[in-house]
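J.: Okay, predicted coordinates and the sequence, questions at the end:
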Amino acid sequence: MLLNAEPGKTYTVKEINTDDEEMNSFLFRLGCYVGEPITLISKKKKSCIVAIKDGRYNLDELLSSAIIV
Amino acid sequence: MRIAFAGNPNSGKTTMYNALTGRSEKVGNWGGVTVGSKEYPIKEEYTGGKEVVAVDLPGAYSMSPFTPEEGITSEYVRTANPDAIVNIVDATNLSRSLFFTTQLLELGIPVVVALNKSDINEKEGTKIDVKKLSEKLKCPVFETTSTEGKGLKDVISNAIELVGGGQSAPYVQADINLQNKAEVDAEDRKRFSFVNDIVANVEKREMLSSETTKSDKLDGVLTNPIAGILVFAAVMWAVFWVSQAWLGPLVADWLVGWIETFQEWVAGKLENSPAILSALLADGIVGGVGAVVGFLPLVMVMYFLIALLEDCGYMARVSAVMDPIFKRVGLSGKSVIPVVIGTGCGIPAIMACRTIRDERERRATSMLATFIPCGAKIPVIALFAGAFFAGAGWVSTLSYFFGLLLIFLGALLIKYITGYKYRKSFFIMELPKWKMPSLKFAFKSMMERAKAYIIKAATIILICNTVVQIMQTFDWHFNVVEEGAENTSILASIASPFAILLIPLGFGVWQLAAAAITGFIAKENVVGTLAVVYGLTAFIDVDELEMTGGANNVAMATGLTSVTALAYLFFNLYTPPCFAAIGAMNSEMKSRAWLWGAIGLQLGTGYTVAFLIHQFGTLFTEGHFGNAFIPGLIAVAIMATAVILIGRKTRAHFDEKYRLHRDGKSGAAA
Amino acid sequence: MSSTIIATAVVVLAVFLAGRYIYKEKKKGSKCIGCPYCESCSKIDKDS
């Protein structure tokens, strides 16, 4: 899970599981899909900041726990 | 000829559109500022004399829409047949942007790519081989910096040249069954790997985006649930303090001096004219409008600072830090953007709700967003802060954060009434790169707001003041009201019944009621009407460089105490903002029931807040409840009962609906 | 006396101009008088 990962490291997305197809494909368009790298920049208790491709995004708890790395 | 501007959110489409057309549409350094399409002719210096219309579209990541505003974009480029498309690509995020670019190139409409934000790339040492990229994409590519107007001419002249010609797509989607998700996915993957290949070929980065930088550390603090909120509070306090307690009043003093001199001069000239004329011109028009215009510097400074905030990229961080709180009350992080925009004006805030996917959340946000004091409420706040709280900057900060609190409480109430069932609500917010805010842009935005403010004062406020003055001067038989018999005026007899309702709130006099009523037309009217009915203008003192002297007359004339003044101020701030905002709510909600619910909620909130402040404030300061505690309590109790009843009814419906879905048999039997 | 005439003219003119401006703006379909963003605001309505 993304929330258990170590900040500053780059991981490969293993699985995306939001149970919401539209959300899945939205993430896809940002470049967040299985096999792609994702970097955890920083994390808090309930959210985290990630780098996907060349952009930074703030993800909430629900979304970050749906991205398995 | 029409050229559409399409690209990812926050790639700078509207900035380019503004530069090309000379318009001043709202821009901000976060994704999703533009929520509808706009069009306007491009200046001739760019088109070489041809008539070309630019169409600005909301940002989209792809042709398959996820958010409502993405839908507008993909529908427009598909069905409206623009003659050419300018694809604005965020050059700092090429790898993501080109996905959409390749889709646009497939449409058969000539595309010109504008590699925007190339100045940031230069700073970061990222190099893009434009020639190679152009070859790979089989379309013209130009580096642009739309904030400075660089490269725009090339983009437009090339786009015009291409019109009518064909362009071959570098990547064409295979003929697949679009209903089949797996096939579509596989296709999209192929597209992305095609894009990745291009990027690997043309882009050279000195700094990898996965590296943690200083700005990431800053973001870490700003999105921290505790530190982030504290910083936000401090920032808002600073904005209000500078605009309303320091720089704003400094300029305002000077301006008010001139207005006052002018008013005296007019009054002097009219000494021998009929009293009604002097009252109408000197007190009503010059005095009333002057009272409103006197606050212009405060409003201008505030808009300047807000523009700086919107430009630097801080707002995206604010919405990230607020998301958990908003979620807890049944809204989403997306609701933060309207709330933030609401500081400027409530109407764009209500419009911005369109980016919220869930209908209930969208409607709830649009009915709550206006609890945030907007620019038009600033004069009212400043007037009361000056008259009763020694010009303190904390009054606005308090009003702002109290407004936020009301949004939370209101959201909880709506959650209760609608019987909200837990639904997964995701929040993802792109954190744009920090950027030095442009003073020029902030200045321009400030001047535009100032112009709007003056126009409003010279039109709506002027007419309202004239009408108020006439209604105050005459009684129903059109006889001039005599001194000492002010209560017989038309204005008094209309406002008095409303004033009775306001007795439990501590300000049950017709003058204050009249000011509150005209406030529904435009909030600045509260100030204008108060000036007219009490014959005051100099709300800002000239000599002491502080908003006390003249404003103290307000305290004397209105007979309000600090407690009742605060109650009156909050009543004006949290009741429905103005007719224009109600109209905007109507068109956003598309439901009579929700609209009336919104108006009811806002009236009820304003009333209850004022009631509680007056009664408990009086209890604390004087040791007993204020006037008419029991009738007020009954009124509030009636409102609470209404909320409970409506809640029961809607939730009963909700349960029924739920049952129908779950269990066909019982549904059929019922 | 002349000041009375001038003042009356000013009042009438000011109210007339203000009223005409509002009327024109309303006819154009804008909701908020003077607002620089109002064109895009009303435009959005047409789209939806």
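T.: The structure has been received and is ready for your questions.
J.: Give me the longest helix you can find in chain A.
T.: Counting by DSSP state H, the longest helix found in chain A is helix A:21-30.
J.: and the helix or strand following that one with chain B, contact?
T.: With elements assigned by DSSP states H and E, the helix or strand that comes after helix A:21-30 is strand A:37-43. Yes. On the criterion Cβ under 8 Å from any Cβ of the partner chain, strand A:37-43 is in touch with chain B at A:37, A:39, A:41-42. To be clear about C-beta, it is placed using only N, CA and C from the backbone, and glycine gets the same treatment.
J.: Most neighbours among those, which one?
T.: residue A:41 (24 neighbours; other Cβ atoms under 10 Å in any protein chain shown).
J.: Just confirm it contacts residue B:215, I think it does.
T.: No. Contact criterion Cβ atoms under 8 Å: residue A:41 and residue B:215 do not qualify, at 10.1 Å.
J.: ok now do residue B:14, which residues does it touch?
T.: B:25-27, B:33-34, B:56 (Cβ atoms under 8 Å, 6 or more residues apart in numbering or on different chains).
J.: Is it correct that it falls within a helix?
T.: Yes. Counting by DSSP: H, G, I helix; E, B strand; the rest coil, residue B:14 is part of a helix.
J.: got a pLDDT number for it?
T.: pLDDT recorded at residue B:14 is 91.
J.: show me where chain B has strands.
T.: Secondary structure of chain B by DSSP state E: the strands cover B:2-7, B:38-41, B:53-56, B:84-90, B:111-116, B:127-128, B:141-143, B:203-204, B:428-431.
J.: So for residue B:154, which of these sits nearest?
T.: Closest approach to residue B:154 among these (Cβ to Cβ): strand B:141-143, 4.7 Å.
J.: Averaged pLDDT, that closest one. What do you get?
T.: Averaged across strand B:141-143, pLDDT comes to 94.
J.: Does residue A:48 belong to a helix, a strand or coil?
T.: Three-state call for residue A:48 (three-state DSSP): strand.
J.: if I pick it, what's in contact with it?
T.: A:2-3, A:40-42, A:58-59, A:64.
J.: next one: residue A:57
T.: Remark: with contacts taken as Cβ under 8 Å, 6+ apart, residue A:57 is in contact with A:30, A:49-51, B:428-431.
J.: Just name the shakiest helix or strand of chain C by mean pLDDT.
T.: Ranking every helix and strand in chain C by mean pLDDT, DSSP states H and E puts helix C:38-47 at the bottom, with a mean of 50.
J.: So is the longest helix along chain C next to chain B?
T.: Once chain C is assigned using DSSP H, the helix that runs over the most residues is helix C:2-28. Yes. Residues of helix C:2-28 contacting chain B under Cβ under 8 Å from any Cβ: C:3-4, C:7-8, C:10-11, C:14-15, C:18-19, C:21-22.
J.: for chain B, what are the low-confidence residue spans?
T.: Counting by pLDDT under 70, chain B shows low-confidence ranges at B:391, B:420-423, B:537-553, B:657-670.
J.: What is the burial count for the residue of the stretch 351-500 of chain B found nearest chain C?
T.: Residue nearest to chain C within the stretch 351-500 of chain B (Cβ to the nearest Cβ): residue B:455, separated by 3.2 Å. Residue B:455 is flanked by 20 other residues according to other Cβ under 10 Å.
J.: OK, contacts around it?
T.: So residue B:455 contacts C:21, C:33-34 (Cβ under 8 Å, 6+ apart).
J.: ok, 7 Å please
T.: Residues in contact with residue B:455 (Cβ atoms under 7 Å, 6 or more residues apart in numbering or on different chains) are C:33-34.
J.: now the helices for the stretch 101-250 of chain B?
T.: B:118-124, B:130-137, B:152-162, B:181-202, B:214-222, B:227-241, B:247-269 (DSSP state H, counting those that start in this stretch).
J.: which ones are touching the nearest residue to residue B:239 once chain neighbours are set aside?
T.: Closest residue in space to residue B:239, ignoring its immediate chain neighbours: residue B:305 at 4.6 Å, by Cβ to Cβ, 6 or more residues apart in numbering or on different chains. With contacts defined as Cβ under 7 Å, 6+ apart, the neighbours of residue B:305 are B:239, B:242-243.
J.: can you do 10 Å?
T.: Residue B:305 makes contact with B:235-236, B:238-240, B:242-243, B:247, B:343, B:437, B:442, B:446 under the criterion Cβ atoms under 10 Å, 6 or more residues apart in numbering or on different chains.
J.: Looking at the residues of helix C:2-28 next to chain B, state which has the most neighbours.
T.: Busiest of those [other Cβ under 10 Å] is residue C:18, holding 23 neighbours.
J.: Could you double-check that that one lies in contact with residue B:467?
T.: No. Applying Cβ atoms under 10 Å, one finds residue C:18 not in contact with residue B:467, separated by 11.2 Å.
J.: shared neighbours, those two?
T.: Common neighbours of residue C:18 and residue B:467 are not found (criterion: Cβ under 10 Å, 6+ apart).
J.: so where's chain A shaky on pLDDT?
T.: Residue ranges of chain A with pLDDT under 70: none are present.
J.: residue in it nearest to chain C?
T.: Ranked by Cβ to the nearest Cβ, the top residue of chain A for proximity to chain C is residue A:22, at 20.2 Å.
J.: Count the neighbours of that residue for me.
T.: Residues lying near residue A:22 (other Cβ under 10 Å) number 14.
J.: Also residue B:257?
T.: 16.
J.: can you check the one 10 residues further on too?
T.: Residue neighbour count, defined by other Cβ under 10 Å, stands at 16 for residue B:267.
J.: ok, for it, nearest residue in space, not its chain neighbours?
T.: Per Cβ to Cβ, 6+ apart, closest to residue B:267 is residue B:282, 4.2 Å.
J.: I'd like the distance between the one you found and chain A.
T.: Distance of residue B:282 to chain A, given as Cβ to the nearest Cβ, to the nearest Å: 56 Å.
J.: circling back: check which helices and strands the longest helix of chain C sits against.
T.: Contact here means 3 or more Cβ pairs under 10 Å, 6 or more residues apart in numbering or on different chains; DSSP states H and E; on that basis helix C:2-28 packs against helix B:247-269, helix B:275-278, helix B:439-456, helix B:462-473, helix C:38-47.
J.: Tell me the buried residues in the longest one?
T.: This means helix B:247-269. For helix B:247-269, the neighbour count (16 or more other Cβ atoms under 10 Å in any protein chain shown) marks B:247-249, B:252-253, B:255-257, B:259-260, B:263, B:266-267, B:269 as buried.
J.: Among those, which one lies nearest to residue B:97?
T.: The closest of those, once distances to residue B:97 are taken by Cβ to Cβ, is residue B:247, at 40.1 Å.
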